[in-house]
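Next one to model:
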Amino acid sequence: MDSLVSLLELAYSAGSVSVVDIMRLGFEREVQEERSWFSFLYGLCVHVADRVAYLDAIIQELEFCSNDVSIAQLVVELRSDDGLVFADSIMYFKAIRDFEAEKLENMQLFLQASGAHLGRRMQFLARFNAM
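Sure, this is the predicted structure:
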C-alpha cells in the first residue's frame, strides 16, 4: 500500500500521469536526498576534525605544563602529587583524541563512498533526462 501511495504522490507532484515524468521526479528526489545526506556527513566530518584539533591543543598545553612546572605554577597552585594528575590527564585526552581521529578516518571513508554513490545517481539521472 505504501508503494501505491508513493506512486500517487509522485504522479500528483509531477503534475502528470506519464511514467517518464513520474520516474524523473522520483530520481530527482533520490538525488536531492543523497545530496542532503552528503552535506550532513561532510559537516559532521568538519565538526569531528575541529574536535580532534581542539583535543590536540589541550594535549599540547598539558604536556607543556607537565614539562615546565614553573609555568603551570603561575596559573594554578600545584601540590606534590599534581605531576601524576598531569600525566593522567594527558593519557585521558590522548585516548579521546585517538578515538575521535579513528572516527574521523571512518567517516571520511564513508564520505568518499557516499560521494561516489551520489555521482552514480546523478549520472543515471542525467542519462534518464537525456532520453
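
check which helix or strand covers the residue most central in space within the chain.
Centroid-nearest residue in the chain, with Cα atoms, centre = their mean: Leu44, separated by 2.7 Å. In this assignment (DSSP states H and E), Leu44 forms part of helix 19-67.

Any idea which helix or strand in the protein has the lowest mean pLDDT?
When the helices and strands of the chain are scored by mean pLDDT, DSSP states H and E, helix 69-75 comes last with a mean of 57.

which helices and strands does the helix or strand where Met107 lies pack with?
Per DSSP H and E, Met107 falls inside helix 82-130. With contacts taken as 3 or more Cβ pairs under 8 Å, 6 or more residues apart in numbering; DSSP states H and E, helix 82-130 sits against helix 19-67. In this view, the C-beta of every residue, glycine as well, is placed from N, C-alpha and C.

Helix 82-130 and the helix it packs on, what's the angle between them?
Interaxial angle of helix 19-67 relative to helix 82-130 (axes from the mean of the first three to the mean of the last three Cα atoms, to 10 degrees): 160 degrees.

In space, what's closest to the residue nearest to the centre of the chain - neighbours in sequence excluded?
In space, and not counting its chain neighbours, Leu44 is closest to Met107: 6.4 Å by Cβ to Cβ, 6 or more residues apart in numbering.

per-residue pLDDT, that neighbour?
pLDDT for Met107: 94.

Thought Ala49 was touching it, still the case?
No. Using Cβ atoms under 8 Å, Met107 makes no contact with Ala49, being 9.2 Å away.
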